[in-house]
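[1] Just the structure for this:
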Amino acid sequence: MKIRLFEDTDTLLIELKPGSIAETRDLDDNTLLELDAQGQVLAITLEHATERAELSSFSFERVTA
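    Numbering: from 1, shown residues only. I've put the predicted structure just below:
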């Protein structure tokens with residue numbers, strides 16, 4: 001998984017897993033889902049990211065049962 005912020009365009013790209021994109025769906029004017037041929041989500045793109053998400057701090061936590 002990769003998370004990238006393109007500061008010049010204020011775009012946040014969350015790549016969940018690698019694969020060939022077969023379809024891009026617009027969820028709204030500023031949110032895109034990229035899907036493979038089986039309908040699995042490969043990536044999520046958020047435009048105007050700093051307005052829509054708290055990006056000043058980022059954390060990752062793995063929780064085990």
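[2] what about the strands in this protein?
    Here the chain has its strands, by DSSP state E, at 2-6, 11-15, 23-28, 31-35, 41-47.
[3] Mean neighbour count, mean pLDDT and distance to S59 added to these, as TSV?
    Backbone N, C-alpha and C define where each C-beta goes, glycine included. TSV is the format used below for the strands of the chain (neighbours: other CB atoms under 10 Å; pLDDT from 0 to 100; distance: least, CB to CB, whole Å):
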stretch	mean neighbour count	mean pLDDT	distance to S59
strand 2-6	12	93	12
strand 11-15	16	96	15
strand 23-28	10	96	25
strand 31-35	16	97	22
strand 41-47	18	97	18
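[4] Mind putting those into TSV with distance to T64?
    Output for those, formatted as TSV (distance: least, CB to CB, whole Å):
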stretch	distance to T64
strand 2-6	22
strand 11-15	23
strand 23-28	31
strand 31-35	29
strand 41-47	24
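[5] Quick check: which of these is nearest to S56?
    strand 2-6 (11.1 Å; CB to CB).
[6] Strand partners (parallel or antiparallel) of the closest one?
    Sheet pairing of strand 2-6 (DSSP bridges) gives strand 11-15 (antiparallel).
[7] and the partner strand with strand 41-47, angle?
    170 degrees (axes from the mean of the first three to the mean of the last three CA atoms, to 10 degrees).
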